[in-house]
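In: 3D model of this:
(one chain, ligands or ions: 1)
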Amino acid sequence: MSRFLNQCYQSLEAYTPGEQPRDMRYIKLNTNESPYPPAPSVVEAMTREQVELLRLYSDPTARTLKEKLAKLYDVEPENVFLSNGSDEVLNFAFMAFGGKEAVFPDISYGFYEVYGGLYGIDYEKIPLKADFSVDYRDYCGKGKLVVIANPNAPTGMSIPVWQIEQIVKSNPESVVLIDEAYVDFGGQTALPLIQKYDNLLVTRTFSKSRCLAGGRLGYAFADSRLIADLEKIKFSTNPYNINRLTLRLGEATVDAEDYYREKCREIIRTRNWTAEKLQELGFQVLPSQTNFLFAGTPKMDGMALYLELKNRGILVRHFGNPRIDRFNRITIGTPEQMAAFIDTVKEVLYEKL
Ligand code: PMP
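Out: Down below sits the predicted model:
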């Protein structure tokens, strides 16, 4: 740290992203990316002409992509916000709506805490129940920025939309942010509720179900006045927040919806197969509505299993939090990758017994 850093950032703890190794070819099941490439039509959209157009700035209103998303999800373009990954819309939302206080579960996406720290927000972390589920009643009537990932990460579990509605309804004076990064893998969306409540913000991403993590494209839905607030923050920080190529890829992605739906179905099938195999091996596997599993075995410490797998060329994600140190988060890959994963887990377990 230099002596110039503003005092308010000196104790800030930055987010630690999952490993992105460059030294060895791993089966990479650690950052919830899709194992599948973007649709062929998306790859073809990346033409020489598009690259040459990079001499021009991107459209700061991102109108074409907003219109396509609005049509796909049956809302107005004024209900749509676009961001550089959904991390950016989370960042803007904490900046815009965090006020003094926020609340989120103790075990959830680590960035919530980082943004809370970044903006000096007094945040409360509510423990998940013993079975790792969210009790919606804990978030009713809080009068703070409420942030819930639904489905949650890293647990993979979700709550039904009627419970989300109770939270939104009971906090009319504060924003309720529902992070739906993983909703396409089986969760229930809160999107229709934006027509009824002006305090609901639903965030989404192209990084998981739309195979575009490296493109950095996120989006959000809300009442047009909340979206206007986010636009104000964006135009006060980085108006060209999404680069031209990514906007073009995003448009082609929305046009290839059928391809992505099929890939989600495939990932769900592979997830269910993997969960069954892990259970046969004695693992506790939390019920997942996402593209990952959260699982642990009484036979072995979570960190030890993570390291054994890594030594054998398979990367999963282990979190330091003592409440979940028995568990690892395992991204769902292709059927072949998951078969290799299961074989390797067996090898490790039998070797240790
Ligand atoms: N929300 C949750 C719950 C996540 O797990 C992630 C991915 N790490 C994000 C948001 C952010 O994803 P991205 O910035 O790639 O859209």
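
In: Flag every residue of the protein that's near the ligand.
Out: 85-87, 109, 149, 153, 179, 181, 205, 207, 213, 218 (Cβ under 6 Å from any ligand atom). All C-beta spots, glycine's among them, are computed from the backbone N, C-alpha and C.

In: now that we have those, which one has the most neighbours?
Out: Counting neighbours by other Cβ atoms under 10 Å, Asp179 comes out on top of the residues of the chain next to the ligand with 28 neighbours.

In: by contact count, what packs against the single longest helix found in the chain?
Out: Assignment by DSSP state H gives helix 257-280 as the longest helix of the chain. Helices and strands touching helix 257-280, as assessed by 3 or more Cβ pairs under 8 Å, 6 or more residues apart in numbering; DSSP states H and E, comprise strand 284-285, strand 292-296, helix 335-352.

In: then it to CSV, C-alphas only?
Out: Extracted in CSV, the C-alpha atoms of helix 257-280 (Å, rounded to 0.1, in the frame of the first residue of the first chain):
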residue,chain,number,x,y,z
GLU,A,257,-31.8,-18.4,-27.2
ASP,A,258,-32.6,-21.9,-28.2
TYR,A,259,-29.0,-23.0,-28.2
TYR,A,260,-28.5,-21.7,-24.7
ARG,A,261,-31.7,-23.3,-23.4
GLU,A,262,-30.5,-26.6,-24.7
LYS,A,263,-27.1,-26.2,-23.0
CYS,A,264,-28.8,-25.4,-19.7
ARG,A,265,-30.9,-28.6,-20.0
GLU,A,266,-27.7,-30.5,-20.7
ILE,A,267,-26.0,-29.0,-17.6
ILE,A,268,-29.0,-29.8,-15.4
ARG,A,269,-28.9,-33.4,-16.6
THR,A,270,-25.1,-33.6,-15.9
ARG,A,271,-25.6,-31.9,-12.5
ASN,A,272,-28.2,-34.5,-11.5
TRP,A,273,-26.0,-37.4,-12.6
THR,A,274,-23.0,-35.9,-10.7
ALA,A,275,-25.1,-35.3,-7.5
GLU,A,276,-26.3,-38.9,-7.6
LYS,A,277,-22.7,-40.3,-8.0
LEU,A,278,-21.4,-38.1,-5.1
GLN,A,279,-24.3,-39.3,-2.9
GLU,A,280,-23.4,-42.9,-3.7
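
In: just so I have it, where are all the helices in the chain?
Out: For the chain, the helices defined by DSSP H occupy 40-44, 48-52, 63-73, 85-97, 111-118, 161-169, 224-235, 244-255, 257-280, 302-311, 335-352.

In: Quick check: which of those is buried the most?
Out: Comparing the helices of the chain by mean neighbour count (mean count of other Cβ atoms under 10 Å), helix 85-97 ranks first with a mean of 23.

In: what's the average pLDDT for that helix?
Out: The average pLDDT for helix 85-97 rounds to 98.

In: separation between the residue lying closest to Ile342 once chain neighbours are set aside and Thr270?
Out: Leaving aside its sequence neighbours, Ile342 sits nearest to Lys277 (Cβ to Cβ, 6 or more residues apart in numbering; 4.6 Å). Relative to Thr270, Lys277 is positioned 11 Å away (Cβ to Cβ, to the nearest Å).
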